[in-house]
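>>> A predicted structure for the sequence below; I have some questions about it.
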Amino acid sequence: MTGATRRDGYPVRVTVNGAARTVEVSSTETLLDALRWNLDLTGSKECCAEGECGACTVLVDGRAVNSCLVLAVESDGLDITTVEGLETGGPAGGRLSRLQDAFLEKGAVQCGFCIPGMVMAAQALLNENPHPRPDEVREGLAGNLCRCAGYQRIVDAVLLAAEEDA
Amino acid sequence: MRPFSYARPASLGETFDLLDSAGPGEIRPLVGGTDLIVGLQSGRIRPDVVVDLKHLADLPAGIEQVDGRLRISAPTSLTDIIGDARIRTWFPALAEAASTVGSVQIRNRASLTGNICNASPAFDTGPALLVHDAVVLLSSRDGDRRVPVADFVLGPRRTDLRAGEIATAVELPVPETPLRASFARLTRRRGVDLATLSLCCVVGPRRTRFAFGAVAPRPFVVDDDSGVLADPSSSPEDRDEVLRAMTAQASPITDVRGGADYRQAMLLVLGRRALAAARSRPVQSQPDGAR
Amino acid sequence: MSAPQIGVSTRRVGGRERVTGRQRFVGDVRLDNLLHVRLVTLDCARARIVAIDTTDAERVAGVRAVLTAADLPDPMPRFGPVYADRPVLAVGETRFHGEPVAAVAAETEEAAEEAAALVRVTVEELPAVLTVERALDPDAPLVQDPCLRKGPLAQTNTLREWHFGWGDVDAASAPCVVENTYTFPMVTHFAIEPHVFLASADHDGVTVWSAIQHPYLLQSTIATLLGLPIAKVRVIAPDPGGAFGGKQHAKFEPLVAFLALRTGRPCRLALTLAQTFQAVRRTAYRVRMRTGFAADGTIRFQDVVTDGLLGAYADIGVRVISKSTYLMCGPYRVPDARVHVRALLSHTPPATAFRGFGTPQVAWAVESQMDEAARRLGIDRLAIRLRNLAHRGEEVVRGDKPADGDWHEAVHKAAEAIGWGNPLPPGRGRGIGVAIKSSATTGASYAIVRLHMDGSATVMAGTSDMGQGARTVLAQIAANELGLTTDAVQVVMGDTGVAPFDLQTSASRSTVFMGTAVAEACRDVKRQLAGMATRAFGADDVGVGNGTVAVEGRTLSFPDLLVAGFAGVRGEVIGVGSRRGEADTAHPLGGAPSFYEFNCTAVEVEVDRETGELLIVKHVSVADVGKALNPAHVEAQDEGAAIMGLGHTLMEHLIFDEHGRIVNLGALDYRIPTTKDLPLELHSLLVENEDGPGPYGAKGAGEGGLFAVSPAVAAAVTEATGAVIRELPLTAERVWRALRTEG
């Protein structure tokens, strides 16, 4: 890709939810656009488009990232996990992850628009810190806005998932 | 977003070739992208070419100790900087400041050099870089140039970056004696926020140094060489007098984040607190596991 | 027959889709052959449109239409829920920052964006009316063209005026008179899902996709604007990703429908978050309040002038103002009251419904007055409230619906939970506030319940599930009535082509109105089952329970009866239910409240005297809900309302510059609470006396938690520091300024 002068038709090879995928993108597409429109993974959401709301959070090489602030072209070679990749046993009839189940158990989901990003941020937190304290959960999720403001139940859900994991 | 072309050079040499082939202002380096892409989306930044610096064989991400300096290469994320034991030991104010930049998601992508080159008057790592005498390493085909961060940032969105140059690293001199440093900031909410103001304080044996952010066109440093701030037996009144003189050099503006008079007054309040925090900070001379 | 489904915290229906990312929100809708729409707006609030040149824009490759007012019918089609005053595109003049003067439809988003930037609009900026004071200034420019308005007020910026009250305030006297002015700023909804609109002209009609709370009102709005029969307009309304009142009424659906008709292609407009700030906001209030108190704290009179600042068009904001100020005396007994209310137009984004529907603005003033009276009279702030708070059966508005709950019980519960009266550490204070909101006055909801051969059921209801959990609670009601678990109930919503009419999803009305309609449809099913049992078994002694039928001593399950009743050809039982609240033309609001939503909020706050920063140490919200059909979901909503209330109390406000532009346009500088802004402790408590008009004694819920947050927090700051603040939000800087004045 060195010295490229074109503006679209960039081939990007990524691993998404464990599967190798190749998509053609234009330079102006974000990773979020590519996931939603090229790969039809619409679980990741767009709200602020400036890295403030976290609705677009995905894992890139295991770390939580705002996919609205990553260009699709720069993600060539990355390993990406989206909310669609959390269920075990495939999307149809799959089994919810502990974390997803804890969100439902604690009543943490209201409108649900922020939830995919919230779940991914929480998953990243648990990957790094399997048994977080409540204040660590609050810190870890501070980049994810919820306007139904079920924050308390969301924090409780993450703690529950961590506890079950013990 | 206005269309542009994307380049992913494999070495510094290739990067310089790209820089040579484009005029100034038409080419933008990309590291974390957390500022750049917001600028692209809003149309504030309209480059012809975006050059991704994350895949240069001769500029890998990482932090290394070279000749008494700690060198943080451009592609290193803030998360990795915060997690580095040497940074936390020798430059605690920088670790603290970096950990307030955006959210976890932002810190996982954002870079320190990007933060500096973006040159926001409110950039959170600014005061910490200044108190720690950080230097930006600027590389071009003609060689390297080292410029203190204090001089490199000229004003809002303005830096001393020259045509054909890229910022490849930030270097911090490892202190001979442990520093007592602290960071403080004021925000409109407790979660992720841009700073209404931020500051850093380093208390040495005699000299006490403050750096302030978001209260002038660029972060700036003020030293107290009188010894009053460093002296544990000085009176609060004497300390306040010195602090007032130091903070008087700020020129805050009124904007959506706060009034000028409020910012000015808070410099003193947070200055006192940062001083107390720095003085009470236990210092460790060697990082765990560091050589 | 299964266990009762009511009063249990069933998991959210649709929850699985939401944690897996499979829920399809309106922005996830895919249509073939789609055109992308971009709006052309100006960089100021008010400007005369001199000329629009679309030549360059039309030359951009991929552009299929550039629509301006000249391309629309003359006179310009206008719409609005109360007044049809909002044009599809600005004509002659723009009236708020963000009002589109043209729209581009193109094959790609990039082409639409490029073309929108190339539409050359020649304008002359004009002075804008941005504040209550300016709107009332007789020399101020008129926001709306007087030709479009009727009556003597047409030559002013006062859209409407009301006089509420009773008794004789002029004759009333009181030893303690508290007189103050309170302001409540514009705040925006900030639903995490920005508005997305799609429209497609197909066959002889049009289909519109919008995550709208009132799909049936949108359906008739589009039908009227396009001259189509209602039956030829289909509104598909996917569950909104947060709405809070900001998705009640039509915004850009008419524009996108016109573009779809013009291009013959499906069109899609997705607003940016910043554009949603220019599309929806809360009504700003200025309340001047004079309250008389006896020495023992008894309220003698309430004398109020309230000005509500609307935007350029009335939207439903005009109703927000009248409905909230009708309860300007709060939940108290007031012997004499005089309430003068004006709804003012301004060159700002149209104010619309926003959770609480004006109640937080009213409570901010009423409750702050109570606190000041208590301080002046040396009475405990809890005691002064209990002294005046209406008991069940006592009127709060003379001649209208009396108190319909045990509000005192709620206040006692809140006081106990916050530890009222316990000693406080230095720098801390407590506050308590109460408020009532009038629920829906009129309206109609229809539901269809289809009982299938295997005993499972499909509920068809026009309610919108925007996170409040309507789908869950309607499934619970149907399951309970039909002896099922919620897993065996499918709730079909969000499509005017499928579900029967529902007036709206607002005013916390759905559990009461649609819940009743669903319960009634289930009873209709059961009546039909009784008839079926009589016919099938030739029996007269038939009793239909929840899930079973007793036929002359034998107990049959519903499926057994259906098999017997329908024999080999199969079929289903279709029940219909409705709940209507008819209009009362003699009532100032067109009808009495169907119930009052009552809340008591108490907080403990720590004040940093040096910086002005507030820390919410403890926050208690007590809601009188009649009966919580799903306690966990009721509490979750109440907690959410509490946090939203902390948002407008501590940090939220839209800031305008002299050109009428919103300065903090976007997530970066318009701050809403994050996880780290949660109170250290947050408790939602419920009062359940089964005294509501809904199924099983339920009342509506979910708004109350934000009613009284602001006065409670402000009173806590006063207790901690002595500083009294009468404007919002209580930013650190504002508290700091108040503290400096204080001392």
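Yes, it's here.
>>> tell me who's in contact with the residue positioned nearest the centre of chain A.
The structure's chain A has its C-alpha centroid closest to A:Val58; by Cα atoms, centre = their mean the separation is 2.5 Å. By Cβ atoms under 8 Å, 6 or more residues apart in numbering or on different chains, A:Val58 lies in contact with A:Leu31, A:Leu35, A:Ser44, A:Ala64, A:Val65, A:Ser67, A:Ile80, A:Thr81, A:Thr82, A:Val83, A:Met120. C-beta coordinates here come from the backbone N, C-alpha and C atoms, glycine included.
>>> and the residues you listed near chain B, which?
Among the contacts of A:Val58, proximity to chain B is found for A:Ala64, A:Val65 (Cβ under 8 Å from any Cβ of the partner chain).
>>> and the contacts of A:Val58, which of them are buried?
A:Leu31, A:Leu35, A:Ser44, A:Ala64, A:Val65, A:Ser67, A:Ile80, A:Thr81, A:Thr82, A:Val83, A:Met120 (16 or more other Cβ atoms under 10 Å in any protein chain shown).
>>> which residue comes closest to the second one once chain neighbours are left out?
By that I understand A:Leu35. A:Leu41 (4.6 Å; Cβ to Cβ, 6 or more residues apart in numbering or on different chains).
>>> pretty sure the one you found is touching A:Asp33, no?
No. Using Cβ atoms under 8 Å, A:Leu41 is not in contact with A:Asp33; the gap is 11.1 Å.
>>> relative to C:Val551, how far out is C:Ser557?
12 Å (Cβ to Cβ, to the nearest Å).
>>> burial measure for the nearest residue to C:Thr276 once chain neighbours are set aside, as a count.
Excluding its sequence neighbours, the residue lying closest to C:Thr276 (Cβ to Cβ, 6+ apart) is C:Pro194, at 5.0 Å. Applying other Cβ atoms under 10 Å in any protein chain shown, we find 27 residues neighbouring C:Pro194.
>>> a helix runs through C:Pro194, doesn't it?
No. C:Pro194 sits outside any helix when classified using DSSP: H, G, I helix; E, B strand; the rest coil, being coil.
>>> what about the buried ones among the contacts of A:Val58, which are in helices?
If you go by DSSP state H, those have A:Leu31, A:Met120 in helices.
>>> select from the buried ones among the contacts of A:Val58 every entry located in strands.
A:Ala64, A:Val65, A:Ile80, A:Thr81 (DSSP state E).
>>> any chance of those in TSV, with pLDDT and distance to chain C too?
Output for those, formatted as TSV (pLDDT from 0 to 100; distance: Cβ to the nearest Cβ, whole Å):
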residue	pLDDT	distance to chain C
A:Ala64	98	14
A:Val65	98	16
A:Ile80	98	14
A:Thr81	98	12
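>>> show me which pair in those residues is furthest apart.
A:Ala64 and A:Ile80 (11.5 Å; Cβ to Cβ).
>>> nearest residue to the residue in chain A that chain B sits nearest to in space, please, no chain neighbours.
At 2.2 Å from chain B, A:Gly143 is the closest residue in chain A, using Cβ to the nearest Cβ. Setting aside the residues directly before and after it, A:Gly143 is nearest to B:Ser103 in space (Cβ to Cβ, 6+ apart), at 2.2 Å.
>>> can you check B:Asp144 too?
B:Leu137 (5.9 Å).
>>> so who does that neighbour touch?
B:Leu137 neighbours (Cβ under 8 Å, 6+ apart): B:Arg71, B:Asp144, B:Arg145, B:Arg146, B:Ala167, B:Thr168, B:Ala169, B:Val170, B:Glu171.
>>> tell me how far the fourth one lies from B:Asp84.
Taking Cβ to Cβ as the measure, B:Arg146 falls 21 Å from B:Asp84.
>>> per-residue confidence for the single nearest residue of the stretch 351-500 of chain C relative to chain B?
Relative to chain B, the nearest point of the stretch 351-500 of chain C is C:Gly427 (14.7 Å; Cβ to the nearest Cβ). Per-residue confidence (pLDDT) for C:Gly427: 97.
>>> need the residues of chain A near chain B, please.
A:1-8, A:10, A:26-28, A:30, A:49-52, A:54, A:57, A:60, A:63-66, A:68-71, A:73-74, A:76, A:121, A:124-125, A:139-140, A:142-144.
>>> show me the contacts for the residue nearest to A:Gly143.
If you count contacts by Cβ under 8 Å, 6+ apart, B:Ser103 has them with A:Gly51, A:Gly54, A:Asn66, A:Ala142, A:Gly143, A:Asn144, B:Val192.
>>> isn't A:Ala55 up against A:Gly43?
No. Assessed by Cβ under 8 Å, A:Ala55 is found out of contact with A:Gly43, at 10.3 Å.
>>> tell me which of the two has more neighbours.
Between A:Ala55 and A:Gly43, counted using other Cβ under 10 Å, the more crowded position is A:Ala55 (30 against 26).
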